[in-house]
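**Q** Quick one, fold the following:
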Amino acid sequence: MRAKSITGNTAGEINHALEKSMSDGFVPTIAVIFISIKQDRRAICEILHKKGIDVIGATSSGEFINGHQSEGEAAIMLFDINKNDYCILFEDIGERTLDDAATNMAKTALQKFTKPAFILCSTSMSAGGKMIDGETLIRSIERAVGPHVNLFGGMAGDDITFTGTYVFTHDRSSDYGLASLVLNEEKINLYGIAFSGWKPMGISRTITKSEDNLIYTIDDQPALDTYLRFLGKEKSLADDPVKFFDSIGIHYPFQIARENREPMMCTPIGYNREKGALICESNVAQGSKFRFSTPPDFDIIETIVNKATELKDRVDAEADALLIFSCAGRLGTLGPMAHDENEGLAAVWNAPMAGFYTYGEFGRALNGKHEFHSTTCCWVALKEK
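**A** Next up is the predicted model:
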């Protein structure tokens with residue numbers, strides 16, 4: 001398998017980069033696109049389609065390839081994978097449940113391949129306010145395929161405007177749906193890890209009243225007041241969802257305890273004044289125990305790179321390509337170090353790289369289980385057998 005990553009700020013720039021990438025005889029069969037909502041997705045998809053290239057993509061909150069990071073552009077990974085070794089699956093959820101849509105996608109994948117692996121993108125929030133619960137999504141696919149499933153990816157972004165996220169193929173798009181590049185794992189290996197680095201702080205607390213992704217009370221006290229008081233922040237910040245997310249939520253997520261699993265990182269993204277509830281990016285069960293958390297230290301880049309090196313040495317493998325799904329919170333919290341993190345991973349695997357800043361990540365935790373994550377850098381290296 002060959003792979004090349006390209007980037008551009010207009011459809012014309014993408015077309016030029018595509019032509020240049022193919023000038024040496026490279027003939028890609030599929031493009032994975034990470035793109036700002038400011039860009040003309042349809043025009044770029046059409047350019048690729050006219051070259052006979054299949055398309056799958058997600059909107060971003062920042063995108064990057066080797067040596068280049070942007071906010072408001074498009075980053076594309078081109079692969080020349082044999083068309084018999086992959087398929088693209090798309091589910092617009094509509095009026096169905098998320099479980100129904102995810103299960104249908106998983107069952108279709110099993111009809112295609114005995115051992116399917118997923119590069120999965122989902123929307124996060126629709127223009128109408130519908131949100132996808134990442135935990136439900138992961139568990140639904142796992143139940144259908146089995147606990148051995150390899151699954152990596154991320155939730156689409158929208159340049160941190162909270163106006164609506166999208167996943168798409170050449171001819172389909174949804175602000176409430178799923179898109180997956182399904183690979184035949186009998187022909188293509190996937191190696192990856194998801195790692196956060198955020199550290200727990202304070203005592204264990206209890207979510208005493210919640211509904212879906214709304215938290216009403218913590219230790220029987222108003223959730224927003226408790227959260228802001230612990231952090232020493234002003235309540236006025238909750239009036240603006242973007243400011244709240246960017247200045248508080250992404251820096252101080254909850255670490256929700258899970259039995260025999262790593263804690264689930266859950267980021268508060270706003271406040272519903274009508275219901276008097278703290279809004280989280282994923283559903284939170286009433287009675288859950290959690291701890292507040294604080295961002296990682298400056299050694300986080302070294303830690304991420306070391307873990308990648310350890311995995312590479314353990315599996316004794318090279319990579320044809322590297323995809324990275326990094327939380328938008330890492331960009332806001334780590335600043336330039338987020339770029340260094342991505343470049344460090346690309347250097348370890350010495351492969352073409354592309355990725356984007358997400359509203360939630362899917363991938364294998366350090367304990368070996370696939371999870372839904374937040375504030376996490378999730379990456380996967382692909383290697384044709």
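**Q** Can you pull the domain assignment for the chain?
**A** 3-195+299-384, 199-294 (automatic domain parsing).
**Q** Tabulate those domains (a markdown table), appending mean neighbour count and mean pLDDT.
**A** Any C-beta I mention is one placed from the backbone N, CA and C, and that applies to glycine too. Output for those, formatted as a markdown table (neighbours: other C-beta atoms under 10 Å; pLDDT from 0 to 100):
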| stretch | mean neighbour count | mean pLDDT |
| --- | --- | --- |
| domain 3-195+299-384 | 20 | 95 |
| domain 199-294 | 18 | 88 |
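**Q** Please, where are all the helices along this protein?
**A** 11-21, 41-50, 98-112, 134-145, 223-231, 241-244, 300-315, 328-334, 336-349 (DSSP state H).
**Q** Would you mind giving these as TSV with distance to residue 154 added?
**A** Formatted as TSV, the helices of the chain follow (distance: least, C-beta to C-beta, whole Å):
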stretch	distance to residue 154
helix 11-21	21
helix 41-50	17
helix 98-112	15
helix 134-145	10
helix 223-231	25
helix 241-244	20
helix 300-315	16
helix 328-334	10
helix 336-349	13
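**Q** Let me know which of those helices is the nearest to residue 182.
**A** Closest to residue 182 of the helices of the chain is helix 98-112 (C-beta to C-beta; 4.6 Å).
**Q** Tell me how far the closest one lies from the chain's centre.
**A** 19 Å (C-alpha atoms, centre = their mean, to the nearest Å).
**Q** so residue 159 makes contact with residue 63?
**A** No - counting by C-beta atoms under 8 Å, residue 63 is not a contact partner of residue 159; they are 10.2 Å apart.
**Q** Quick one: residues contacting residue 204.
**A** 257, 289-291 (C-beta atoms under 8 Å, 6 or more residues apart in numbering).
**Q** picking that back up, list the residues that contact both of residue 159 and residue 63?
**A** 36, 71.
**Q** just to revisit the earlier point, can you say which of the helices of the chain is nearest to residue 252?
**A** helix 223-231 (5.7 Å).
**Q** of all the contacts of residue 204, which comes closest to residue 111?
**A** Set against residue 111, the nearest of the contacts of residue 204 by C-beta to C-beta is residue 257 (37.2 Å).
**Q** check contacts around residue 199.
**A** 293-296.
**Q** Dig out what it forms beta bridges with.
**A** Per DSSP bridges, the residues bridged to residue 199 are residue 294.
**Q** any idea how far residue 331 is from it?
**A** Distance of residue 199 to residue 331, computed by C-beta to C-beta, to the nearest Å: 19 Å.
**Q** With residue 135 instead?
**A** Relative to residue 331, and taking C-beta to C-beta, residue 135 is found at 23 Å.
**Q** Quick check: beta-bridge partners of residue 56?
**A** Assessed by DSSP bridges, residue 56 has beta-bridge partners residue 32, residue 169.
**Q** farthest residue from the center of this protein?
**A** Most distant residue from the mean C-alpha position of the chain: residue 220, 32.7 Å away (C-alpha atoms, centre = their mean).
**Q** pretty sure that residue contacts residue 205?
**A** No - the pair residue 220 / residue 205 is not scored as a contact, 10.5 Å apart, by C-beta under 8 Å.
**Q** which residues does the residue farthest from the centre of the chain contact?
**A** 208-209 are the contacts of residue 220 under C-beta under 8 Å, 6+ apart.
**Q** What separation do you get for it and residue 286?
**A** Taken as C-beta to C-beta, the span from residue 220 to residue 286 is 12 Å.
**Q** overlap in contacts of the two?
**A** 208-209.
**Q** Look up the closest residue to residue 147, ignoring the ones flanking it.
**A** residue 369 (7.8 Å; C-beta to C-beta, 6 or more residues apart in numbering).
**Q** do residue 172 as well
**A** residue 90 is the one closest to residue 172 (C-beta to C-beta, 6+ apart), at 5.2 Å.
**Q** For that neighbour, give the beta-bridge partners.
**A** Under the criterion used (DSSP bridges), residue 90 bridges to residue 179.
**Q** show me what contacts it?
**A** Contacts of residue 90 by C-beta under 8 Å, 6+ apart are 56, 167, 169, 172, 174, 177-180.
**Q** Residue 72 now?
**A** Neighbouring residues of residue 72 by C-beta under 8 Å, 6+ apart: 9, 36, 38-39, 159.
**Q** next one: residue 173
**A** Contacts of residue 173 by C-beta under 8 Å, 6+ apart are 41, 166-167.
**Q** change it to 7 Å
**A** Applying C-beta atoms under 7 Å, 6 or more residues apart in numbering to residue 173 gives the contacts residue 166.
**Q** Report the central residue of this protein.
**A** The chain has residue 154 as the residue nearest its centroid, 1.8 Å off, counting by C-alpha atoms, centre = their mean.
**Q** correct me, but that residue touches residue 325?
**A** Yes - under the criterion of C-beta atoms under 7 Å, residue 154 makes contact with residue 325 at 3.4 Å.
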